[in-house]
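Trainee: Return atomic coordinates for the entry below.
(one chain, ligands or ions: 1)
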Amino acid sequence: MPQIKFYKHEQIPMEMHKVKIVQQLNLLPADQRLEKMKEAGFNTFQLHNIDIFMDMLTDSGVNAMSDEMQAAMLRADDAYAGSESFFRMQRKLDELFGIPYCLPAHQGRACENILATRFVKPGNCVIMNYHFTTAKAHITRVGGYVEELVKKEGLETHSDLPFKGDIDLEALEACIQKETPENVSFLRIESGTNLIGGQPVSYANMKAATDICKKYGIVTVLDASLLQDNLYFIKVREEGMQDKPVREINRMIADLFDIIYMSSRKFGFARGGAILVRDEEMFHSMEDLVPMYEGFLTYGGMSVKEIEAITVGLDESMDMDIISQGPQFIDYCVRVLDDYGVPVITPGGGLGAHLDATEILSHVPQEEYPAGALTCALYLCGSIRGMERGTLSEERNADGSERLASMELVRLAFPRRVFTLSQTEYVIDRVKWVYDHRDLIGGLRFVHEPATLRFFTGILEATSDWPEKLVEAYKADFGPDQ
Ligand SMILES: Cc1ncc(COP(=O)(O)O)c(C=O)c1O
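Mentor: Numbers count the residues shown, from 1 in each chain. Next comes the predicted model:
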């Protein structure tokens with residue numbers, strides 16, 4: 001995004017696109033939202049989209065497409081095998097990443113399934129800077145376990161460190177020696193990170209971490225699902241990178257890894273995924289898993305229309321005007337909330353603004369899911385749907401005890417090119433109101449608790465009548481209709 005300077009107005013982020021198609025939104029009255037929240041079992045995944053004003057659940061598969069992406073969808077080549085749409089995507093990926101071998105998959109977690117199935121044996125360790133829910137679930141499903149070695153500053157909420165997603169290099173080497181290289185399935189670098197506030201990883205850190213792994217003969221894997229944000233942060237924050245084109249930075253990163261996988265529900269602005277494999281033999285060793293789990297090797301469970309859109313979306317992800325939009329809106333939101341005294345993760349990262357529920361609801365024990373409760377409060381007071389990223393998103397320990405998350409966050413995702421600045425101001429306003437009334441918010445408990453990925457389908461209830469009291473206070477300030 002170019003730095004458009006204002007003459008009189010304060011500096012604000014600027015959209016470098018215009019709206020061509022819109023979707024009408026509904027704002028239900030607070031009393032009805034209370035009913036909908038109860039019907040959804042105090043789980044924002046269970047709400048219906050029609051009952052939501054600001055859907056900030058995720059940036060996955062809900063980014064706005066460009067006219068060029070939509071136009072490309074029209075030329076999709078429908079074929080079970082040998083679709084030209086796939087070969088166009090493959091050529092684009094090769095051009096951008098310098099890796100010709102591509103396994104298509106329907107989304108990011110499908111890539112994770114294939115990688116875990118191929119590389120992880122019972123008792124194996126996978127080392128990462130930080131886990132993502134589905135990545136970890138697939139690794140543990142096949143009997144492996146995860147070691148997370150993000151630098152300790154990555155878990156500090158308030159900071160001005162530019163790359164809080166960096167892996168601790170000393171801990172990485174010590175971990176490899178403790179585990180022995182033979183027991184390490186691979187190193188997975190998530191760049192940028194999801195569960196710790198969309199924080200980026202520096203190029204220097206990725207280079208050093210992959211160098212260590214090369215020394216020990218360990219396979220290196222890049223989760224590039226949030227790479228478009230990370231590219232932006234490397235370009236603006238990392239020393240020596242300002243003059244390099246985004247494409248060059250992208251290629252420098254790609255050159256470090258043996259395998260790169262992505263959710264193109266994020267990276268590519270459409271719906272799909274892919275695994276890029278540098279080594280031909282390694283590629284063939286995974287090939288059979290694609291038709292088994294996904295679909296034939298030239299569509300991998302994706303619609304060919306989406307494949308065409310991804311191909312254009314990947315090109316757009318190399319454009320600084322385009323990839324700046326998300327991080328700059330998030331930065332604006334985080335800065336204003338911080339000025340209001342609302343505990344937020346700083347500095348602003350990619351993906352979304354993250355509220356620190358540990359501090360905001362310090363009176364709610366972690367076993368009562370403070371981040372889950374705050375997520376529900378934001379729907380009740382503003383019809384904003386965020387996502388819990390804390391203990392509720394964890395799975396229980398083998399003995400049934402809670403695995404308490406290292407951070408209790410509410411993520412307010414900014415799907416790319418979707419929301420305007422006035423909608424962002426509305427969100428900031430309602431978050432501030434909820435923060436000022438935080439004493440009214442209590443905890444949650446499970447009524448139905450699934451064994452895996454419980455945050456998707458679990459049913460909860462409030463531990464007291466706090467939702468009713470909160471809604472009454474909200475109506476007293478805003479009237480019954482909002
Ligand atoms: C870093 C990261 N990896 C993997 C995934 C999984 O991708 P998908 O939702 O397409 O399955 C996500 C999704 O949010 C993610 O953020």
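
Trainee: Please name the residues that touch the residue of the chain found nearest the ligand.
Mentor: Taking CB to the nearest ligand atom as the measure, the chain has residue 108 as its residue closest to the ligand, at 2.3 Å. Where C-beta positions appear, they are placed from N, C-alpha and C, glycine not excepted. Each residue near residue 108 by CB atoms under 8 Å, 6 or more residues apart in numbering is listed here: 134, 223, 225, 261-263, 265-266, 273.

Trainee: who's in contact with residue 405?
Mentor: 366, 371, 389-391, 393-394.

Trainee: tell me the two of those residues that are most distant?
Mentor: 366 and 389 (13.3 Å; CB to CB).

Trainee: higher neighbour count, those two?
Mentor: residue 389 (27 against 18; other CB atoms under 10 Å).

Trainee: Correct me if wrong: the more buried one contacts residue 354.
Mentor: Yes: Residue 389 lies in contact with residue 354 (CB atoms under 8 Å); the separation is 7.3 Å.

Trainee: Between the two, which contacts overlap?
Mentor: In contact with both residue 389 and residue 354: 409-411, using CB under 8 Å, 6+ apart.

Trainee: Just the residues contacting the lengthiest strand in the chain, thanks.
Mentor: Longest strand in the chain, counting residues (DSSP state E): strand 184-190. If you take CB under 8 Å, 6+ apart as the criterion, strand 184-190 is touched by 115, 119-121, 124-132, 135, 139, 144, 165, 167, 172, 175-176, 201, 206, 209-210, 213, 216, 218-223, 225-226, 257-259.

Trainee: right, is that strand up against the ligand?
Mentor: Yes: residues of strand 184-190 contacting the ligand under CB under 6 Å from any ligand atom: residue 190.

Trainee: next SSE after that strand?
Mentor: Next along the chain after strand 184-190, taking DSSP states H and E as the criterion, comes helix 203-216.

Trainee: Quick check: closest non-adjacent residue to the residue of the chain closest to the ligand.
Mentor: Counting by CB to CB, 6 or more residues apart in numbering, residue 108 lies nearest to residue 263, which is 2.8 Å off, once chain neighbours are set aside.

Trainee: Pull up the gap between that neighbour and residue 110, please.
Mentor: Residue 263 sits 9 Å away from residue 110, taking CB to CB, to the nearest Å as the criterion.

Trainee: Can you list the strands that the longest strand of the chain pairs with?
Mentor: strand 125-128 (parallel), strand 220-223 (parallel) (DSSP bridges).

Trainee: so how far is the last one off the chain centroid?
Mentor: By that I understand strand 220-223. 16 Å (CA atoms, centre = their mean, to the nearest Å).

Trainee: Output it in CSV, but only the C-alpha positions, please.
Mentor: Output of strand 220-223 as CSV, limited to C-alpha atoms (Å, rounded to 0.1, in the frame of the first residue of the first chain):
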residue,chain,number,x,y,z
THR,A,220,12.2,-28.7,6.7
VAL,A,221,8.6,-27.8,6.1
LEU,A,222,7.2,-24.3,5.7
ASP,A,223,3.5,-23.7,6.5
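
Trainee: and the angle from the next helix or strand after that strand to helix 203-216?
Mentor: Downstream of strand 220-223, the first helix or strand assigned by DSSP H and E is helix 227-237. Interaxial angle, helix 227-237 versus helix 203-216 (axes from the mean of the first three to the mean of the last three CA atoms, to 10 degrees): 120 degrees.

Trainee: any bit of helix 227-237 sitting next to the ligand?
Mentor: No: under the criterion of CB under 6 Å from any ligand atom, the ligand is not reached by helix 227-237; the shortest gap measures 9.2 Å.

Trainee: Report the buried residues of that helix.
Mentor: Within helix 227-237, the residues that qualify as buried are 227-235, counting by 16 or more other CB atoms under 10 Å.

Trainee: Give me the buried subset of the contacts of strand 184-190.
Mentor: Counted by 16+ other CB under 10 Å, the contacts of strand 184-190 give 115, 119-120, 124-132, 135, 139, 144, 165, 167, 172, 175-176, 201, 206, 209-210, 213, 218-223, 225-226, 257-259 as buried.

Trainee: Enumerate every residue touching the residue nearest in space to the middle of the chain.
Mentor: Geometric centre of the chain, nearest residue: residue 194, 4.1 Å, by CA atoms, centre = their mean. If a contact means CB under 8 Å, 6+ apart, then residue 194 has 130, 132, 225-226, 351, 389 as its contacts.

Trainee: hmm, back to that, okay, and the common contacts of residue 263 and residue 110?
Mentor: Shared contacts of residue 263 and residue 110 (CB under 8 Å, 6+ apart): residue 273.

Trainee: Which residues of the stretch 151-300 of the chain lie near the ligand?
Mentor: 190, 194, 223, 225-226, 263, 265, 273.

Trainee: give me the low-pLDDT residue ranges for the protein?
Mentor: Scanning the chain for pLDDT under 70 picks out the ranges 1-2.

Trainee: The residue nearest to residue 60 when sequence neighbours are not counted sits in which helix or strand?
Mentor: The shortest distance from residue 60 to any non-neighbouring residue, by CB to CB, 6+ apart, is to residue 265 (4.2 Å). Here residue 265, judged by DSSP H and E, is contained in no helix and no strand.

Trainee: So this structure: which segments form each domain?
Mentor: 30-59+322-478, 67-319 (automatic domain parsing).

Trainee: got a markdown table for those, with distance to residue 9 too?
Mentor: Formatted as a markdown table, these follow (distance: least, CB to CB, whole Å):
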| stretch | distance to residue 9 |
| --- | --- |
| domain 30-59+322-478 | 12 |
| domain 67-319 | 22 |
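
Trainee: To residue 16, which of those domains lies closest?
Mentor: With respect to residue 16, and counting by CB to CB, the nearest of the domains of the chain is domain 30-59+322-478 at 6.9 Å.

Trainee: Apart from its chain neighbours, what residue comes closest to residue 230?
Mentor: Using CB to CB, 6+ apart, the nearest residue to residue 230 is residue 192, at 4.2 Å.

Trainee: need the strands for the stretch 301-450 of the chain, in chain order.
Mentor: Remark: strands assigned in the stretch 301-450 of the chain by DSSP state E, counting those that start in this stretch are 352-356, 384-385, 387-389, 409-413, 444-448.

Trainee: so can I have CSV of the ones you listed showing distance to the ligand?
Mentor: As requested, the strands of the stretch 301-450 of the chain are exported to CSV (distance: least, CB to the nearest ligand atom, whole Å):
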stretch, distance to the ligand
strand 352-356, 11
strand 384-385, 16
strand 387-389, 10
strand 409-413, 9
strand 444-448, 23
